[in-house]
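1. here is a sequence together with a model predicted from it:
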Amino acid sequence: MPASISSGYRGLVYKVAVPSPLRRVFDYLPPEPNQSIAIGTRVQVQFGRRKVVAYVLDKASNSELELHKLKPIYAVLDSEAIFPTKLFSLLQWCAKYYHHPLGEVLSAASPGKLRSSIPLYPQEIVYRAYSKIDRSELNSLSRAPRQRALLKFIKKNSSASRDEIELAGFSAAIIKSLEEKKFVERAERNLNSLELFSPLNSVNPSSLELNSQQQQAFDAIKLNGDKFNCFLIDGVTGSGKTEIYMQVMQQHLSEGRQCLVLVPEIGLTPQTVNRFSKRFDCPIAVLHSNLTDNERLDAWRRARAGSVAIIIGTRSAIFTPLPNLGLIIVDEEHDGSFKQQDGFKYSARDVAVMRGREENVPIILGSATPSLESLQNAESKKFSYLTLSERAGGAIKSKTTIVDTSNEILDSGFSEKLLFKIDQHLTVGNQVLVFINRRGFAPILSCTNCGWIAECEDCVSQMSVHAKPPSLRCHHCGIAKQLPILCPTCHEEGLTTIGAGTQRLENFLEQRFSTFPVIRIDRDSTRSKSKLTSMLNQIQIGKPCILLGTQILTKGHHFPAITLVAIVDADAGLFSPDFRGQEFMAQTVVQVSGRAGRAKKSGEVVIQTRHSTHKALIQLTQKNYKELAMYLLEERKAASMPPFAQLVLLKAEGNTLNESINLLQRMNKVSIKLIRESNSNIRTVGPVPAPMEKKAGRYRAQLLFKAENKNTMQQFLTQFVYQIDQIKLSRNLRWSLDVDPREMI
Ligand code: ADP
Ligand code: ZN
Ligand code: ZN
């Protein structure tokens, strides 16, 4: 129905964002005529057949809809906005930039518990005096002085809880009498009485004396004061980045400002949190995925009330409301875990920079291996670049050796040279770290007779062989199957495993170095938190052992007794089809290597490869990460790839590949027309089946957009998304956008 001036309702309506894939806001009437509700407040509304928690975005004095089509808001859940104004506008920016429905963005940014209708703060029962008590009634209390005194006390405080009343010296019987005589009544009060944390002293006696590079970096950050600026600290592992963070934090904490520290996956690194809690005698909240919903809500509430000083959290902690935010830190800013890959797809690092700008506070990004995006931002002076090239605290830089395995017969993936070195380090009483980026026993189960390979029926992917417990597992959808004894195709005995994962290396190393413990740390062995803690403790004791593991080991751990780090196979990253493959390979190699020689003992790194003359590897090992990064940036520039161009991936998912491709073809017609009409410089690639065509039973296709200018892309996307949003989808089809995708899967 076209909107005309005469039609529609005239009167107060609220524009409400509902968590739904629909990219529009909905009009609702106030629950009571002309009831005023603050912008940003959570409300409960009837939406289709469901009652959902939604967010008030705006109010208006008329609606395009007729009165009979407008529903009233079912309930106003809080008496104030859930997000402070600046955070609310950041979330609106997110919805715009990532082209994700605002209702879903707001919902994703709220703690899980608040996506239901429970109140922002817990309620408690309080007593209030009846407003109409006249003098003669009061006189009736003249012979009950305690009751009279309590009534006075309650009136003075406007309300009082049972605890407060008892604390003031009144018994339960006195309040009961007052209630019976109808002098006081019960009411609910928000338990929002959390106090602001007390500012720390500006000098912390356990601060270390900074070395000259650290001092330079610290001074630059201090000179900037408390306004927005983004600093990139490019500092080798162990160079004392964390010491700088803590000293900058000290400044802000002493002025009563809150510090938000984003870290990758801290559920696995209690050490990170311990370091901060040892240094700072102030309330710290930790937000990560291992918390229960109640723990998360509690931490979030305290942060929002300003009663915690430091918030340490993973990706989604970037959306924590902080009334007195003073500083944001993103440690290991290159880390992939900062990118949300499903649903509302965002980069917490990029959002953090935007939040710093919005709230006008400084932000520090730190890494030993900064992302090419951040290095380019430093090159173009958008970020202030600070370097720490030496290890702090006297630790010596590790020596790196490349072992070419192209002409060697390997024993379970190990060359003789590497085995010899492992033996050497263990024998003199040191610890060894063996890195392999593949869990399970072997990545492939194959039949030597007919060539059959075990594949997942729901994904286009091989199934991995696991030894503990014996099974076939798909690492993409998680499905597990029994390990067959005979080949399911030719029914012969000829099944064999190809390649090696952590479990196979574990078997091999246990046999080869039988007098030393082998500790395997991967996603399978660390499902239980207590088990992980006990493994980490065993390593901390420092007795010689082999620590064997995947990516998990690269994250922030501090293992002082490790002197040898072995990277069993560096080749997958060198020849990855992903344009970021070499960047990721280099980051992994440097981060793993950084675990060696962190204490007084010097370290050694051994990298096995069949391509020892690969340019990227040579630059990385003979020069350093920065040199390689600069070379890779040149390549990206020549190929016009990020950070010199922006990519956006449109993904479709359906029950057949045809369906998904067809949908994208229809959408591509829209984009071609828009691009032609606006004559904008945007390239499209596809639609093509996704590199992983089938995942968890769904067929996936994608269409890629590339523009050299972000504004051009944004203008295009705004119109494009609006138009494709009108396309009616059959029930099983879904589409989503990934703005600045990290992986092309
Ligand atoms: P990063 O965060 O860069 O990996 P850390 O801050 O963890 O580095 O520092 C590595 C080690 O060096 C730690 O044990 C730390 O206590 C020590 N350290 C850092 N700065 C100094 C300093 N100025 N003087 C002495 N030791 C330091
Ligand atoms: Zn067979
Ligand atoms: Zn699968």
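-> Thanks, I have it. Bear in mind that the values here come from a model prediction, so they are computed numbers and not experimental data. Ligands and ions are numbered 1, 2, ... in the order given.

2. low-scoring pLDDT stretches of this structure, where are they?
-> Residue ranges of the chain with pLDDT under 70: 1-6, 190-193, 266-269, 393-396, 555-556, 597-600, 745.

3. which strands and helices sit next to the longest helix along it?
-> Longest helix of the chain, by residue count under DSSP state H: helix 657-678. For helix 657-678, the elements it packs on are strand 646-654, strand 682-695, strand 698-707, helix 710-724, strand 734-739, judged by 3 or more Cβ pairs under 8 Å, 6 or more residues apart in numbering; DSSP states H and E. To be clear about C-beta, it is placed using only N, CA and C from the backbone, and glycine gets the same treatment.

4. okay, the angle between the fourth one and strand 734-739?
-> For helix 710-724 against strand 734-739, the angle between stretch directions is 170 degrees (axes from the mean of the first three to the mean of the last three Cα atoms, to 10 degrees).

5. output helix 710-724 as PDB, restricted to C-alpha atoms.
-> Taking C-alpha atoms only, helix 710-724 is exported to PDB below (Å, rounded to 0.1, in the frame of the first residue of the first chain):
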ATOM      1  CA  LYS A 710      35.800   2.000   0.800                       C
ATOM      2  CA  ASN A 711      33.300   4.800   0.200                       C
ATOM      3  CA  THR A 712      32.500   3.400  -3.200                       C
ATOM      4  CA  MET A 713      31.900   0.000  -1.700                       C
ATOM      5  CA  GLN A 714      29.700   1.400   1.100                       C
ATOM      6  CA  GLN A 715      27.500   3.400  -1.300                       C
ATOM      7  CA  PHE A 716      27.100   0.400  -3.600                       C
ATOM      8  CA  LEU A 717      26.300  -2.000  -0.700                       C
ATOM      9  CA  THR A 718      23.700   0.300   0.800                       C
ATOM     10  CA  GLN A 719      21.700   0.200  -2.400                       C
ATOM     11  CA  PHE A 720      22.500  -3.400  -3.300                       C
ATOM     12  CA  VAL A 721      21.500  -4.800   0.100                       C
ATOM     13  CA  TYR A 722      18.300  -2.800   0.000                       C
ATOM     14  CA  GLN A 723      17.400  -4.300  -3.400                       C
ATOM     15  CA  ILE A 724      18.300  -7.900  -2.700                       C
END
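
6. off-centre distance for that helix?
-> Centre-to-centre, helix 710-724 and its host chain are 26 Å apart (Cα atoms, centre = their mean, to the nearest Å).

7. in it, what's buried?
-> 712-717, 720-721, 724 (16 or more other Cβ atoms under 10 Å).

8. before we move on, the earlier item: how about the helices and strands packed on helix 657-678 in TSV, adding distance to Glu180?
-> Compiled in TSV, the helices and strands packed on helix 657-678 are given as follows (distance: least, Cβ to Cβ, whole Å):
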stretch	distance to Glu180
strand 646-654	64
strand 682-695	66
strand 698-707	64
helix 710-724	63
strand 734-739	61
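
9. got these as JSON lines, with distance to ligand 1 columns?
-> Shown next, in JSON lines, are the helices and strands packed on helix 657-678 (distance: least, Cβ to the nearest ligand atom, whole Å):
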{"stretch": "strand 646-654", "distance to ligand 1": "31"}
{"stretch": "strand 682-695", "distance to ligand 1": "34"}
{"stretch": "strand 698-707", "distance to ligand 1": "35"}
{"stretch": "helix 710-724", "distance to ligand 1": "32"}
{"stretch": "strand 734-739", "distance to ligand 1": "31"}
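
10. JSON lines for the ones you listed, including distance to ligand 2?
-> Formatted as JSON lines, the helices and strands packed on helix 657-678 follow (distance: least, Cβ to the ion, whole Å):
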{"stretch": "strand 646-654", "distance to ligand 2": "33"}
{"stretch": "strand 682-695", "distance to ligand 2": "23"}
{"stretch": "strand 698-707", "distance to ligand 2": "28"}
{"stretch": "helix 710-724", "distance to ligand 2": "46"}
{"stretch": "strand 734-739", "distance to ligand 2": "37"}
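
11. so which of those comes closest to His611?
-> strand 682-695 (22.4 Å; Cβ to Cβ).

12. for that closest one, name the packing helices and strands.
-> helix 657-678, strand 698-707, helix 710-724.

13. next, format these as TSV and append distance to Ile39.
-> Converted to TSV, these look like this (distance: least, Cβ to Cβ, whole Å):
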stretch	distance to Ile39
helix 657-678	33
strand 698-707	33
helix 710-724	23
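
14. where does Arg296 fall, helix, sheet strand or coil?
-> Put simply, Arg296 is helix when judged by DSSP: H, G, I helix; E, B strand; the rest coil.

15. residues of this protein that sit close to ligand 3?
-> 456, 458-459, 474, 476-477 (Cβ under 5 Å from the ion).

16. one step back: out of the buried residues of helix 710-724, which comes closest to ligand 3?
-> Closest approach to ligand 3 among these (Cβ to the ion): Ile724, at 29.0 Å.

17. does the closest one really touch Trp735, like I thought?
-> Yes. Ile724 lies in contact with Trp735 (Cβ atoms under 8 Å); the separation is 7.4 Å.

18. which residues do these two both contact?
-> Common contact partners of Ile724 and Trp735 (Cβ atoms under 8 Å, 6 or more residues apart in numbering): Met667.

19. mind telling me which residue of the stretch 201-350 of the chain is nearest ligand 3?
-> Among all residues of the stretch 201-350 of the chain, Asp342 sits closest to ligand 3, at 16.0 Å; criterion: Cβ to the ion.

20. check the gap between Lys728 and Lys543 for me.
-> For Lys728, the distance to Lys543 equals 65 Å [Cβ to Cβ, to the nearest Å].

21. what of Ala129?
-> Look at Ala129 and Lys543: by Cβ to Cβ, they are 69 Å apart.

22. next up, the contacts around the most centrally placed residue in the chain.
-> The residue lying closest to the centre of the chain (Cα atoms, centre = their mean) is Arg315, at 1.9 Å. Applying Cβ under 8 Å, 6+ apart, we find Arg315 in contact with 262, 337-340, 348.

23. right, I'll leave it there.
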